[in-house]
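**Q** Need a 3D model of the sequence below.
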Amino acid sequence: MAEVTTDTPKPAEKARLISEADVTKYKTAGDIVNDVMKKLIELCVEGAKIIDLCIEGDKFIEEGTGGVYNKVVKGVKMSKGLAFPTSISVNNTVSHFSPLASDPLSSQALAKGDVVKLHIGAHIDGFAAISAETFVIGASEQEPVTGRKADVIKAAWHAAEIAMRLVKVGNKNFAVTDAVAKTAAAWDCKPVEGMLSCQQTQNVIDGKKRIILNPNETQRRDTEAITFAEDEVYGIDILVSSGEDGKARIEDSRTTIYQKDSSVTYQLKMKNSRAVFSEVQKKAGAFPFNVRALEDEKRARLGLQEAVQHGLIKPYEIVYTPANTFVAAFHFTIALVPAGPLLLTHPPVWYKPELVKSEKELEDDELKGLLSKSLRETRKNKKKAKEAEGDADA
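**A** Numbers count the residues shown, from 1 in each chain. Coordinates of the predicted model:
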C-alpha cells in the first residue's frame, strides 16, 4: 500500500508585475542617463548655448542606448532611445526649455550664477529612467551658492530625499504632497503649484496613479487618493520655487516638447497632420519628443496644430515663476520591488552640501527622523524595530 503523505502543497509564488529582466532594463537606462548627466554638467559652463547643450544631450542618450541590447529576437529589434528630450531650464524657468534654431530665445547662453535645471531620460524596451538635477554655473567649494539660490536648492534636495522615503508600499500619495510642502517651508520656499509625479509602466511615463505638488483647492479635489503598491515604478518630480506661492505661468516661449496621448483616438483630417503624426509614432512612439527630431520643422509645427487641438498630442508647456525667483528641481525614478524601494536612477552628480550654503536648516524632528533612515530597511534594522515594538508593548 502506498504511503500517504501529509505534506501540504506549497502556495504558488505571487506573479510579479515587473520581472528582474525589466528591472535590469530600467537600471541600464538609469546608468546611461547618469553617464550623460556627468558629460552635460561638464559642458554647462559660462557662455555655453542652451540649444547646443540640448542637441548634444539627445545625441549622447541615443549613443548610449544604441550601444546596448542590440540582439535581434525573432526578427524584431528592441526599441530604445530618448524617454525625455534634454531640457535646460534656467533660474525662474520651471522646466521643458529646449529651443529650436528658429526660436527667438535660441541664442540664450548660460551665465555665471545661473541656477540650471537639467532634465533627461532614456528607455530600453519602453522601460524609462528619467532624471533631473539642479546646479549653479561657476559655483565651487571656495565660492559656494548662498542666499535664496542656496535655500531653494537645499529645499528641493531635502524634499526629494523625503519623497524617496515616503514612496513605499502602503503609503499614500498625499502624505508625499504634504511632506514635500512642509520640507520646502523650512527654507521659506514653496513647491511649484500643480506639478505631477506619475506611475510608470512599459511605454508609459504618465500613468494614472499620481502625486501632486502644492495643489490648489480644485487640483486637490480632482487628484485621486492612491496607495503605493508592490512592483510599481514611479517617476518623482520635485520642483520647488523661492517665490511666495509657487505659482507659475506661461510666457512667450514656444513649446518644443510634445507627447502622443495614447488614450485619445481621433481621425486627423489634414494630410500633413496625418504625415506628421505618423512620423511622431515612428520616431518617438509613446515618449515625449522635441520638434527638432522631426524632418521638417515648419511642416511639423503646422501638422502638430490639429493633433494638439484634438488631444492626440499634448504639449509640455514652458512655464515661469515670477522674475527674481528661482526654481530648483530633482527628478528620480524608483521601483517598489519586494525587497524594498529601489532607485533606478543615480544620486545627483553635482549636489553636495559643501557647494550649497544656506543659513536655514530643517528643524522638524519627524522629517529629520525620516531623513536619518536608509531608503531600504535591512533585515537587521527590521528585527531591531520589531524588538523595540515588543519592548514597548511589554
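**Q** what about Val145, neighbour count?
**A** Residue neighbour count, defined by other Cβ atoms under 10 Å, stands at 23 for Val145. From N, CA and C alone the C-beta is placed, and that goes for glycine too.
**Q** what bridges to it?
**A** Val356 (DSSP bridges).
**Q** what sits against it?
**A** Under the criterion of Cβ atoms under 8 Å, 6 or more residues apart in numbering, the neighbours of Val145 are 136, 139, 153, 355-357.
**Q** of the residues you listed, buried ones?
**A** Taking 16 or more other Cβ atoms under 10 Å as the criterion, what is buried in the contacts of Val145 is 136, 139, 153, 355-356.
**Q** Let me know how buried Leu343 is, in neighbour terms.
**A** When counting by other Cβ under 10 Å, one arrives at 16 neighbours for Leu343.
**Q** which stretch of helix or strand covers the closest residue to it other than its chain neighbours?
**A** Using Cβ to Cβ, 6 or more residues apart in numbering and skipping the chain neighbours, the partner closest in space to Leu343 is Ile334 (5.6 Å). Here Ile334, judged by DSSP states H and E, is contained in strand 327-337.
**Q** ok, Tyr26 touching Ala129?
**A** Yes: under the criterion of Cβ atoms under 8 Å, Tyr26 is in contact with Ala129, at a separation of 5.7 Å.
**Q** Comparing these two, which residue is more hemmed in?
**A** Of the pair Tyr26 and Ala129, Ala129 is the one with more neighbours under other Cβ under 10 Å, namely 30 against 25.
**Q** Quick one: list the elements packing against the helix or strand hosting Phe135.
**A** If you go by DSSP H and E, Phe135 is part of strand 127-136. Helices and strands in packing contact with strand 127-136 are listed as helix 20-43, strand 80-90, strand 115-124, helix 147-166, strand 233-241, strand 327-337; criterion 3 or more Cβ pairs under 8 Å, 6 or more residues apart in numbering; DSSP states H and E.
**Q** Throw the ones you listed into TSV and include distance to Thr223 and mean pLDDT, thanks.
**A** Supplementary listing: the helices and strands packed on strand 127-136 in TSV, determined by distance: least, Cβ to Cβ, whole Å; pLDDT from 0 to 100:
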stretch	distance to Thr223	mean pLDDT
helix 20-43	26	97
strand 80-90	22	98
strand 115-124	23	98
helix 147-166	16	98
strand 233-241	15	98
strand 327-337	19	97
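**Q** Quick one: classify Asp52 as helix, strand or coil.
**A** Following DSSP: H, G, I helix; E, B strand; the rest coil, Asp52 is assigned to helix.
**Q** and it, how many neighbours?
**A** The local packing of Asp52 (other Cβ under 10 Å) involves 12 other residues.
**Q** what's the answer for Lys298, then?
**A** Counted by other Cβ under 10 Å, the residues lying close to Lys298 total 9.
**Q** State the distance from it to Leu375.
**A** With distances defined as Cβ to Cβ, to the nearest Å, the gap from Lys298 to Leu375 amounts to 48 Å.
**Q** Return the helix or strand in this structure with minimum mean pLDDT.
**A** Lowest mean confidence among the helices and strands of the chain (mean pLDDT, DSSP states H and E): helix 379-393, at a mean of 52.
**Q** quick one: which two of the buried ones among the contacts of Val145 are the most distant?
**A** Every pair in the buried ones among the contacts of Val145 was compared (Cβ to Cβ); the two farthest apart turn out to be Ala139 and Ile153, at 9.7 Å.
**Q** Arg299 contacts Asn272, doesn't it?
**A** Yes: under the criterion of Cβ under 8 Å, Arg299 makes contact with Asn272 at 6.1 Å.
**Q** Where does Leu370 fall, secondary structure wise?
**A** In this structure, Leu370 is located in helix 365-372 according to DSSP H and E.
**Q** and Val18, what pLDDT?
**A** Rather than Val, residue 18 is Ile. pLDDT, Ile18: 89.
**Q** tell me the contacts of it?
**A** For Ile18, the set of contacting residues under the criterion of Cβ under 8 Å, 6+ apart consists of 231, 233, 335, 337.
**Q** And for Glu133?
**A** Going by Cβ under 8 Å, 6+ apart, Glu133 touches 37, 117-118, 329-331, 348-351.
**Q** Return the distance of the closest residue to Ala132 other than its chain neighbours relative to Leu344.
**A** Leaving aside its chain neighbours, Ala132 sits nearest to His331 (3.6 Å; criterion: Cβ to Cβ, 6+ apart). Counting by Cβ to Cβ, the gap from His331 to Leu344 is 12 Å.
**Q** Tell me which of the two has more neighbours.
**A** Set His331 next to Leu344 and count neighbours by other Cβ under 10 Å: Leu344 wins out with 27 against 23.
**Q** Wait, that one touches Ile334, no?
**A** Yes: Leu344 is in contact with Ile334 according to Cβ under 8 Å; the separation is 6.5 Å.
**Q** Quick check: neighbours shared by those two?
**A** Here Leu344 and Ile334 share the contacting residues Val233, scored by Cβ under 8 Å, 6+ apart.
**Q** Quick check, pLDDT for the nearest residue to Ile205 once chain neighbours are set aside.
**A** Of all residues not flanking Ile205 in the chain, Ala128 sits nearest, at 5.4 Å (Cβ to Cβ, 6+ apart). pLDDT, Ala128: 98.
**Q** Which of the contacts of Glu133 sits closest to Gln281?
**A** Within these, distances to Gln281 taken as Cβ to Cβ reach their minimum at His331, with 25.6 Å.
**Q** so that closest one bridges to which residues?
**A** The partner list for His331 in beta bridges (DSSP bridges) reads Ala132, Asp237.
**Q** residues in contact with it?
**A** If you count contacts by Cβ under 8 Å, 6+ apart, then His331 has 119, 130-133, 235-238, 345 around it.
**Q** and the closest residue to Ile318 other than its chain neighbours, how many neighbours?
**A** Of all residues not flanking Ile318 in the chain, Ser253 sits nearest, at 4.1 Å (Cβ to Cβ, 6+ apart). Under the neighbour criterion other Cβ under 10 Å, Ser253 is assigned a count of 19.
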